Structure formats: C-alpha cells, structure tokens
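Q: my questions are about this predicted structure, shown below with the sequence.
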Amino acid sequence: MGGERIRVLVVEDQEVAREALCALIGGTADLVLVGRARDGREAVDAAVRLRPDVVLMDIRMPVVDGVEATRLVLARVPAARVVVLTTFDCDEYVDRALRAGACGFVLKSAPVVDVVRAVRAAHVGDSVLSPEVARRVVAGYAARPGGPTPFDVLGVREREVAAGVARGLSNEEVAAELSLSLATVKTYLSRVFDKVGVRDRTQLVVLAYRTGFAGGESTFG
C-alpha cells in the first residue's frame with residue numbers, strides 16, 4: 001500500500017502482548033509504531049505528545065482503564081481513532097467502549113491480519129467490529145420494540161446510504177449498490193451523521209440496531 005504510513009500507538013497492560021502488538025505494527029509496511037503505553041494514564045500522555053492516527057487500546061488496565069482513557073484521548077486528540085482490543089467480549093465493554101467514542105472493538109483472539117485490517121479501516125473512517133462483537137450487537141438490539149427513531153428525519157437517499165452502512169458495506173460498496181458516485185455517498189453519510197447525532201460509522205451501526213432501524217444479519221467481518 002502506498003502513501004503516508006499510519007501512525008499507531010499501542011496501549012496494553014501485559015508486557016508480552018504489548019511487545020507482540022508493537023512487533024506486528026512495526027513489521028507492517030504501511031504502519032509505523034510511534035509509541036507504547038502500559039496503562040490509561042500513559043496512553044493519554046502519549047497520545048497528546050505523539051498525535052497518533054490510530055490507538056490500539058486495551059480495556060482492563062491499572063490507574064486509568066481503557067474506556068476512560070478512550071474518552072480522554074478523544075477529548076484531547078479529536079483526530080485520533082481508537083480501536084479497543086480485549087479478551088472480554090461482554091456486552092458491557094462493547095457498549096461502554098463505543099459510547100466513549102471508540103471506532104471499533106476487536107477481540108485479542110482475532111487473527112493478526114484482523115488487527116491490521118482494523119487499524120487500516122479505522123484510519124479511513126470505516127466501522128471496525130469483529131464478527132463476534134457484531135453478532136452480539138445485533139443480538140442485543142434486534143429484538144427491541146420499534147417506535148420513532150432518529151432515522152425518521154432522513155431523506156430517501158440518506159436512509160438508503162445509512163441502511164447500507166448498517167449492513168456493513170463500505171462507501172465504495174454503497175456507491176455501487178445505489179449507482180452513486182463515491183463523493184455523493186460521502187456527502188450523504190456526513191449529513192446522516194449530523195442528523196442522527198453520531199460521530200462515525202461505528203456509532204451509526206450501533207444506533208441502527210439499537211433503534212430497530214437495521215434488521216437481519218450483520219455483514220461485518
């Protein structure tokens with residue numbers, strides 16, 4: 001992959017896991033390791049100092065946990081993207097991490113190629129939910145009763161674009177499906193974010209399932 005490399009900060013409590021992630025990032029051509037941290041406090045300090053593009057953030061850490069660290073990092077470095085890495089795939093962590101502003105959630109048990117893919121996807125603004133997490137999101141929200149939703153204010157094309165994103169499609173795939181230009185899809189998506197009150201694609205997906213706007217099976221992963 002050409003172009004400027006993606007600057008990554010690795011935050012991980014366990015030394016062995018931290019060094020493995022650092023080696024993975026350092027050994028990937030289009031990524032560059034700019035720093036590492038052992039806990040949430042170090043993560044915030046490092047993010048402010050180093051201005052990474054993407055932060056790989058552990059959840060359970062001493063001093064400041066990953067959820068609070070995510071909130072603080074994004075408050076001080078709004079351009080950063082945070083991908084949460086954890087062995088704990090419970091709904092509480094998924095919801096808290098996404099509400100804190102994380103753009104995705106990947107299990108540590110995922111293949112290393114999925115971690116790299118998550119970094120790349122986060123950098124370009126795509127949703128990053130591992131298949132296991134996506135299924136939990138769907139299972140947790142799909143059965144909830146319907147009613148008025150923030151999506152009701154959208155125009156026809158905006159609803160179509162939002163529905164495509166909720167199904168896990170990339171901007172390119174939405175453009176092809178709807179016979180629109182990529183620039184037009186991005187414009188519609190920006191309007192959708194503003195109208196429904198979300199920060200990014202991942203929060204849009206979660207809101208879509210939480211409110212019943214999206215139905216059926218998720219296609220993430």
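A: Done, it's in.

Q: go ahead and confirm Leu182 touches Ala176.
A: No. Using Cβ atoms under 8 Å, Leu182 is not in contact with Ala176, being 9.3 Å away. The way it works is simple: take the backbone N, C-alpha and C, and place the C-beta from them, glycine included.

Q: and after the helix or strand bottoming out on mean pLDDT in the chain, which helix or strand comes next?
A: Within the chain, no helix or strand scores below helix 131-141, which has a mean of 61 by mean pLDDT, DSSP states H and E. Once the chain leaves helix 131-141, the next helix or strand it forms, by DSSP states H and E, is helix 156-166.

Q: got the contact list for that following helix?
A: 127, 151, 154, 173-174, 177-178, 180, 185, 188-189, 191-192, 195-196, 201, 204-205, 208-209, 213-214 (Cβ atoms under 8 Å, 6 or more residues apart in numbering).

Q: filter those to the buried ones?
A: 127, 151, 154, 174, 178, 180, 185, 188-189, 191-192, 195-196, 201, 204-205, 208-209, 213-214 (16 or more other Cβ atoms under 10 Å).

Q: out of those residues, which sit inside helices?
A: 174, 178, 185, 188-189, 191-192, 195-196, 201, 204-205, 208-209 (DSSP state H).

Q: how about JSON lines for the residues you listed, with distance to Asp45 added?
A: Below are these laid out as JSON lines (distance: Cβ to Cβ, whole Å):
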{"residue": "Val174", "distance to Asp45": "38"}
{"residue": "Leu178", "distance to Asp45": "44"}
{"residue": "Val185", "distance to Asp45": "38"}
{"residue": "Tyr188", "distance to Asp45": "38"}
{"residue": "Leu189", "distance to Asp45": "33"}
{"residue": "Arg191", "distance to Asp45": "36"}
{"residue": "Val192", "distance to Asp45": "35"}
{"residue": "Lys195", "distance to Asp45": "36"}
{"residue": "Val196", "distance to Asp45": "34"}
{"residue": "Arg201", "distance to Asp45": "28"}
{"residue": "Leu204", "distance to Asp45": "31"}
{"residue": "Val205", "distance to Asp45": "31"}
{"residue": "Ala208", "distance to Asp45": "35"}
{"residue": "Tyr209", "distance to Asp45": "35"}
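
Q: low pLDDT regions in this structure?
A: By pLDDT under 70, the low-scoring segments of the chain are 1-3, 88-92, 127, 130-147, 215-221.

Q: recalculate using a threshold of 80.
A: Scanning the chain for pLDDT under 80 picks out the ranges 1-3, 87-96, 98, 125-148, 168, 202, 205-206, 209-210, 212, 214-221.

Q: okay, now the domains of it?
A: 6-125, 144-211 (automatic domain parsing).

Q: tell me which of those sits most buried.
A: Mean neighbour count (mean count of other Cβ atoms under 10 Å) peaks for domain 6-125 among the domains of the chain, with a mean of 19.
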